[in-house]
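Enquirer: From the sequence below, what's the structure:
(one chain, ligands or ions: 1)
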Amino acid sequence: MTNEDQPAIDLKVDVAHPARMYDYYLGGKDNYEADRAAAEAALAAAPELRAIARENRAFLHRAVRHLVDSGVRQFLDLGAGLPTQRNVHEVAQEIAPETRVVYVDSDPIVLVHARALLNGLGRTAVVQADVREPERILADEQVRSLIDFDQPLAVMLVSVLQFVPDREPEDIVAPLRDAMPSGGYLVVSHPTQDFRTSQVNEVASTYTRAKAPAVARRKSEIERIFDGFEVLEPGIVQTPLWRPDGPVTPNLDLIWMYGAVGRKP
Ligand SMILES: C[S@@+](CC[C@H](N)C(=O)[O-])C[C@H]1O[C@@H](n2cnc3c(N)ncnc32)[C@H](O)[C@@H]1O
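Expert: Numbers count the residues shown, from 1 in each chain. Below you'll find the predicted structure:
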């Protein structure tokens with residue numbers, strides 16, 4: 001499919017979008033005034049959001065490298081976000097060029113940017129869909145054309161389930177888990193309200209005011225996301241503590257984001 005085939009997309013630049021707010025935290029340029037205003041309000045409540053975003057990306061990179069080293073050659077990245085430095089396919093294909101990656105996001109602007117980046121690469125695709133509809137994602141033609149559900153694959157839900165406050169995350173994961181073979185992986189990061197609770201709740205209110213309701217969950221709730229998986233060592237931990245490459249430098253009192261990787265037995 002070429003870019004010319006795509007229907008015109010309303011980017012709704014007057015409304016803040018989580019993807020573009022996250023891009024702003026990471027120092028990207030794909031954001032608009034409404035996104036920056038909402039992001040600044042969130043940063044006023046919790047200036048550590050930039051560090052949390054950076055640590056989240058670093059966790060994602062380490063998890064992808066670990067999985068490729070473990071033999072995974074297919075990634076389904078749900079809530080993929082705007083292309084930024086070192087996307088999943090770049091990290092994975094550096095080690096194993098044959099790795100296939102499907103990016104899924106509900107935000108049309110992600111689609112516009114991702115298609116521009118990925119067009120013609122062949123081993124990557126981008127699909128617009130909502131994680132609330134896992135069955136639709138599993139049945140999607142582009143997903144099926146790149147992902148073989150009989151072979152090991154990794155489903156990534158990195159920093160996205162907080163944007164589904166109205167559903168139990170384990171209900172979203174269950175069909176994805178059932179569709180994967182034994183030896184499939186689940187990668188999740190999720191903000192928590194286990195500490196810095198008032199700041200976290202203030203950030204959540206900022207998102208709600210920006211029409212992107214979000215919820216931080218307790219560790220016990222995040223544990224349930226891994227129902228039916230064996231959680232790899234070191235378990236569900238603050239993102240910088242997941243298999244760090246070197247000394248852990250961030251102030252852990254401020255990193256209210258857990259990360260974990262599970263393997264379907
Ligand atoms: C904070 S970004 C995370 C990006 C990337 N996964 C990462 O961790 O760096 C959250 C992304 O989830 C997307 N998103 C939010 N709600 C979604 C939903 N219901 N379905 C699909 N994507 C969603 C947003 O558009 C945004 O791109």
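Enquirer: all helices for the stretch 151-265 of the chain, in order.
Expert: Along the stretch 151-265 of the chain, the segments classed as helices by DSSP state H, counting those that start in this stretch run 169-179, 197-209, 219-225.
Enquirer: near the ligand, which residues of the stretch 101-250 of the chain show up?
Expert: 105-107, 110, 130-132, 158-160, 163-164 (C-beta under 6 Å from any ligand atom). C-beta coordinates here come from the backbone N, C-alpha and C atoms, glycine included.
Enquirer: how about a cut-off of 8 Å?
Expert: Within the stretch 101-250 of the chain, the positions lying close to the ligand (C-beta under 8 Å from any ligand atom) are 104-107, 110, 129-132, 156-160, 163-164, 189, 212.
Enquirer: Nearest to the ligand: which residue in this structure?
Expert: Using C-beta to the nearest ligand atom, the single residue of the chain nearest to the ligand is residue 81, 2.6 Å away.
Enquirer: what's the distance between that residue and residue 172?
Expert: Using C-beta to C-beta, to the nearest Å, we find residue 81 at a distance of 17 Å from residue 172.
Enquirer: Now residue 214. Nearest residue, chain neighbours left out?
Expert: Spatial nearest neighbour of residue 214, excluding adjacent residues (C-beta to C-beta, 6 or more residues apart in numbering): residue 207 at 4.0 Å.
Enquirer: before we move on, what about residue 109?
Expert: In space, residue 109 is closest to residue 11, 5.1 Å off (C-beta to C-beta, 6+ apart).
Enquirer: separation between residue 50 and residue 173?
Expert: Distance from residue 50 to residue 173, by C-beta to C-beta: 28 Å.
Enquirer: more crowded one of the two?
Expert: With neighbours defined as other C-beta atoms under 10 Å, residue 50 and residue 173 compare such that residue 173 has more, 25 against 15.
Enquirer: what about the closest residue to residue 177 other than its chain neighbours, how many residues close to it?
Expert: In this structure, residue 177 finds its nearest non-sequential neighbour in residue 228, 5.1 Å apart by C-beta to C-beta, 6+ apart. Here the count is done by other C-beta under 10 Å, and residue 228 has 14 residues near it.
Enquirer: Check whether residue 228 really touches residue 264, as I assumed.
Expert: Yes: counting by C-beta atoms under 8 Å, residue 228 touches residue 264, with 6.7 Å between them.
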